[in-house]
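my questions concern the predicted model and sequence given below.
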Amino acid sequence: MQARRAHAPWAALQPPAWSRSSYRGDGPGDPPSNKTQESRSVAGGSAIDPPQTKSPSPTHSPSRPDAARTAVAAVAPAANVADQPRQVSAAPIEQRSDTLSLAFSAPSSTASARRDRAASVEQSDDDFALQGRRSLLETVPRVAKQAEPEVARVLLIAASAYRATQERAVADAARAMRIRDDTLLAGTANPVEARRLNNQARAAFSSGRDVLEAFDLQLRAFNANPRDPEIAGSLALLYLKLAPPQPDMARQVALIAIAARGPQYTVTRMDDWNTLAVASALSGREADARNALFVTLAIAGNVERSCVAALNAVANYGEQLRGPVEAMLYRVHAQGRSYDSPWCAWPPNWSPPPRIAFPAVGAMSVNSGR
């Protein structure tokens, strides 16, 4: 009988621990030396992996398949936790393209700037309108009162100018007349804006739109630059175009257009004296109306122009102008100039003349339709 083989005391009769795990799982794992190092790192607090479950002691272990299943069941929870994908919250994507950013922001900024400019212009127009109404109530009557003696002096000279040779003195007195009042320009002088508003008012009036729209624009223009005689004269005329007409206000503003004009305006306008004549006649000042028409004869440079404007005034504003116009036409006849134009004939032909365009007549002249 063969003798029983003796084993060395250090030899183990049990299979190694790594053979108990199943190759269908995570594999044999790391060698014992690496596990020892991993244990140290976990103890040091630098590892974040879940703790490993100790394998059962080799002593009193069940059979090999049962042991393998037990080891897999013990390691499975940790493996499942490790294999689960981390849930990452979706962060908004930031647009870092400068070109796209400018492409989207440029139109909006341009439109915003355009709206701001339009709002600024509208706000300035509203300010001019508010200040213009305040000026009409406070400044215009006072300045017109200062201008009235100067205008009356010219009217007196014109009343006695029976001969055509005397009309030069009337024209010289009308051009030299000017009063100075700095309060007219206190904080409101804006010639560029005044001209822009004046052009808009002329376009509104010429197109036949509502007279109130043209009046509102002209009022803003007057407040922007009240020393511009064309702007003031147009405002005075629009006072006559309102329904009902306001001849007293028209007369006051016409006095400002004639006497309170800026020093750069050296030529007096026939249209302003014609407006003064109409406003004076409608307010019951027939003598002033007659003498103002005499002034138009002196400064018109064309007798036909004065006759046409006077006949249109009668046609547009009624019988209150007939007496002053008849006196003017008789003076033309007495001076021997009634043959210069059929509209200056004596006795007068009261039919309204056609609209004759003179180079010096503005768009809103007295001989325009009411």
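Perfect, thanks for sending it.

check which helix or strand R251 maps to.
Using DSSP states H and E, R251 sits within helix 247-259.

neighbouring contacts of stretch 279-290?
152, 155, 159, 236, 239-240, 245, 247-248, 250-251, 254, 276-278, 292, 317, 320-321, 323-324, 327-328 (Cβ atoms under 8 Å, 6 or more residues apart in numbering). Bear in mind the C-beta positions are built from the backbone N, C-alpha and C, glycine included.

rewinding a little: just the mean pLDDT for the helix holding R251, thanks.
For helix 247-259, the mean per-residue pLDDT is 95.

hey, C-alpha coordinates of it in CSV?
The C-alpha coordinates for helix 247-259 follow below in CSV (Å, rounded to 0.1, in the frame of the first residue of the first chain):
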residue,chain,number,x,y,z
PRO,A,247,-58.7,139.5,-37.0
ASP,A,248,-57.4,141.0,-33.7
MET,A,249,-54.8,138.2,-33.3
ALA,A,250,-54.0,138.4,-37.0
ARG,A,251,-53.4,142.1,-36.7
GLN,A,252,-51.1,141.7,-33.6
VAL,A,253,-49.0,139.0,-35.3
ALA,A,254,-48.9,141.0,-38.5
LEU,A,255,-47.5,144.0,-36.6
ILE,A,256,-44.7,141.7,-35.2
ALA,A,257,-44.0,140.5,-38.8
ILE,A,258,-43.6,144.1,-40.0
ALA,A,259,-41.8,145.7,-37.1
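
that older thread, buried ones among the contacts of stretch 279-290?
155, 236, 239-240, 245, 247-248, 250-251, 254, 276-278, 292, 317, 320-321, 324, 327-328 (16 or more other Cβ atoms under 10 Å).

restricted to helices, list those.
155, 236, 239-240, 247-248, 250-251, 254, 276-278, 292, 317, 324, 327-328 (DSSP state H).

quick revisit: elements contacting the helix holding R251?
Packed against helix 247-259 by the contact rule (3 or more Cβ pairs under 8 Å, 6 or more residues apart in numbering; DSSP states H and E) you find helix 98-159, helix 229-241, helix 270-282.

hmm, 10 Å instead?
In terms of contacts (3 or more Cβ pairs under 10 Å, 6 or more residues apart in numbering; DSSP states H and E), helix 247-259 is packed against helix 98-159, helix 211-224, helix 229-241, helix 270-282, helix 286-300.

where does pLDDT dip in the stretch 51-200 of the chain?
For the stretch 51-200 of the chain, the stretches with pLDDT under 70 are 51-137, 185-188.

do that again at 50, thanks
51, 53-65, 67-68, 70-85, 88-108 (pLDDT under 50).

also the stretch 251-370 of the chain?
357-363, 365-370.

switch to 90 and redo it
Along the stretch 251-370 of the chain, the model assigns pLDDT under 90 to residues 260-268, 301-302, 340, 349-370.

check whether N198 really touches P229, as I assumed.
No - N198 lies out of contact with P229 (Cβ atoms under 10 Å); the separation is 11.4 Å.

if we can go back for a sec, could you check the angle the helix holding R251 makes with helix 286-300?
Angle of helix 247-259 versus helix 286-300, following axes from the mean of the first three to the mean of the last three Cα atoms, to 10 degrees, is 30 degrees.

report how many residues lie close to V192.
Neighbour count of V192, defined by other Cβ atoms under 10 Å: 9.

now swap in the one 3 residues further on and tell me
When neighbours are defined as other Cβ under 10 Å, R195 has 16 of them.

from memory it sits against Q218, does it?
No - taking contacts as Cβ under 10 Å, R195 lies outside contact range of Q218: 11.9 Å.

please enumerate the shared neighbours of the two.
The contact sets of R195 and Q218 overlap at I231 (Cβ atoms under 10 Å, 6 or more residues apart in numbering).

state the distance from E150 to I179.
Distance, E150 to I179, by Cβ to Cβ, to the nearest Å: 6 Å.

need the overlap of contacts for the two.
With Cβ under 10 Å, 6+ apart as the test, E150 and I179 both reach 255, 258-260.
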